[in-house]
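Participant: Sequence and computational prediction follow.
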Amino acid sequence: MSRDITPDVQMIRLFLTEPHPCSYLDDKEATTAFVEPGIEIDPHLYSQLSDMGFRRSGSYVYVPRCEDCNACIPARLVVKDFKPTRQQRRCSSKNRDLNVWVTTNIDETEHYPLYERYINERHSDGDMYPPSRTQFKDFISNLWRNSKMIEIRDEGKLIAAGVVDILDTGLSAIYTYFSCDEPKRSLGTYTILAQIRLAKQMQLPYVYLGYWIKNSPKMAYKSNFQPLEVLKDSEWVLAD
């Protein structure tokens with residue numbers, strides 16, 4: 001694919017899934033549009049698609065295309081203006097003893113048990129249950145060339161991990177999983193704070209947090225990170 005891809009973005013073919021139960025809203029059906037499989041998506045094109053509200057899941061780049069619902073709103077954090085809340089400052093303080101690593105190597109024998117337990121304990125009602133090694137390979141360890149894995153360790157033991165993709169304008173948070181044994185650490189929050197720190201170090205302006213859904217408790221945490229921009233009518237604007 002040509003590097004001068006600005007007009008080509010509009011020509012990419014999308015393939016729609018059949019309507020299926022929504023993972024986030026119990027009374028809704030979802031339809032997903034996937035970028036045509038086989039198209040080479042380089043980091044620049046991927047960045048453009050992300051600015052249009054697309055997300056990556058494993059080897060697929062997708063966007064919701066639900067007929068009667070537009071609840072999934074793309075959201076991104078403005079890194080330079082981020083000021084942690086009191087709760088987030090406490091989270092950082094509680095986890096000062098942890099070590100944060102950024103790598104492109106994933107030891108499946110270490111990561112998969114953590115991922116498996118996380119899905120079993122936190123998302124047994126979701127479409128990723130039950131977990132499997134094949135699912136893990138497709139969804140997590142299939143890193144793209146612009147992907148990084150953030151590892152959080154307690155005295156060498158892996159207790160949290162998050163996959164991020166490096167875009168032209170920011171980090172895209174793909175997926176996070178963590179130990180449920182230490183709820184006081186708020187490891188989900190701490191992993192996002194680690195992603196924000198990484199974006200600052202790389203001088204990237206945004207952290208793309210995926211879709212914010214007003215009536216989904218699973219997505220409520222995203223509004224705790226401010227200032228948050230949302231994509232409305234093809235424009236990124238500050239969230240109300």
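Facilitator: Okay, I see it. Computed from a predicted structure; not experimentally measured. Numbering: from 1, shown residues only.
Participant: remind me which residues of this structure are low pLDDT?
Facilitator: Along the chain, segments meeting pLDDT under 70 span 1-8.
Participant: domains for it, by residue range?
Facilitator: 8-70, 75-232 (automatic domain parsing).
Participant: Can you give me the neighbour number for Val100?
Facilitator: 17 (other CB atoms under 10 Å). Bear in mind the C-beta positions are built from the backbone N, C-alpha and C, glycine included.
Participant: residues in contact with it?
Facilitator: For Val100, the contact set (CB atoms under 8 Å, 6 or more residues apart in numbering) comprises 150-153, 194, 197.
Participant: rewinding a little: which among the domains of the chain is found nearest to Leu238?
Facilitator: domain 75-232 (5.8 Å; CB to CB).
Participant: and the end-to-end length of that closest one?
Facilitator: This stretch, domain 75-232, spans 10 Å end to end (CA to CA, to the nearest Å).
Participant: before we move on, back to that, ok, which pair from the contacts of Val100 is furthest apart?
Facilitator: The span of the contacts of Val100, defined through CB to CB, is set by Arg153 and Arg197 at 15.7 Å.
Participant: Run a quick neighbour tally on Pro113.
Facilitator: Counted with other CB under 10 Å, Pro113 comes out at 11.
Participant: So it: helix, strand or coil?
Facilitator: helix (DSSP: H, G, I helix; E, B strand; the rest coil).
Participant: Could I get the phi/psi values of Cys22?
Facilitator: Here is the backbone geometry of Cys22 (degrees, to the nearest 10): phi -70, psi 140.
Participant: From what I see, it and Thr32 are in contact.
Facilitator: No: counting by CB atoms under 8 Å, Cys22 sits too far from Thr32 to count as a contact (10.3 Å).
Participant: Can you give me the neighbour number for the residue nearest to Tyr206 when sequence neighbours are not counted?
Facilitator: Here the nearest residue to Tyr206 in space, its sequence neighbours aside, is Gly170; by CB to CB, 6 or more residues apart in numbering that works out to 3.3 Å. Gly170: 24 surrounding residues under other CB under 10 Å.
Participant: quick one: contacts for Gly170?
Facilitator: For Gly170, the residues meeting the contact criterion (CB under 8 Å, 6+ apart) are 76, 79, 199, 204-208.
Participant: all strands in the chain, in order from the N-terminus.
Facilitator: Using DSSP state E, the strands of the chain run over 14-16, 20-21, 29-30, 32-35, 55-57, 60-64, 73-78, 99-103, 147-154, 157-166, 170-178, 206-212, 228-232, 235-238.
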